[in-house]
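Trainee: Predicted model and sequence follow; I will ask about them next.
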Amino acid sequence: DCRRGVLPEKLVQMHPDVSKTVRDCTQCDEAKRPTAKDLLKSPLVSQTTEVGVVHVATLREKLELQGKQIAEQQSELEEKDRIIEELRTKMQALEQKTFDRPVEDIKVVDFESTSYSDADY
């Protein structure tokens, strides 16, 4: 039907620019069909191009923002890794101190024969 210029009524009502472009492009006589230059100048293509340019610009902005957020998060992770490494070093030093103490300094407690109050802890 399209080649005979008959398009669905709903398409014609909702998208008159699209309908005109489809009718023009499906003309039986090649001479009556629009050229590529004509199509690029048509409202359908120029509007789409403008929307596409705006969409691409918006996507670029989002990518830049996400790039900044990723850089900030990487920086935060590096700082946290540094802190974790510091804590590991301190823990190792504490463990070393504990195990390096002479045995006589370590208090042995007989839990069965000794009673403790909460104040002892």
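Mentor: Perfect, thanks for sending it. Numbering: from 1, shown residues only.
Trainee: where does this protein have low pLDDT?
Mentor: For the chain, the stretches with pLDDT under 70 are 1-5, 46-54, 98-121.
Trainee: can you pull out the helices in it?
Mentor: All helices of the chain, identified by DSSP state H, fall at 9-14, 16-25, 36-41, 43-100.
Trainee: helices or strands next to the last one in the packing?
Mentor: On a contact count with 3 or more Cβ pairs under 8 Å, 6 or more residues apart in numbering; DSSP states H and E, helix 43-100 meets helix 16-25. (Each C-beta comes from the backbone N, C-alpha and C, glycine too.)
Trainee: rewinding a little: mind putting the helices of the chain in CSV, mean neighbour count included?
Mentor: Formatted as CSV, the helices of the chain follow (neighbours: other Cβ atoms under 10 Å):
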stretch, mean neighbour count
helix 9-14, 11
helix 16-25, 15
helix 36-41, 11
helix 43-100, 10
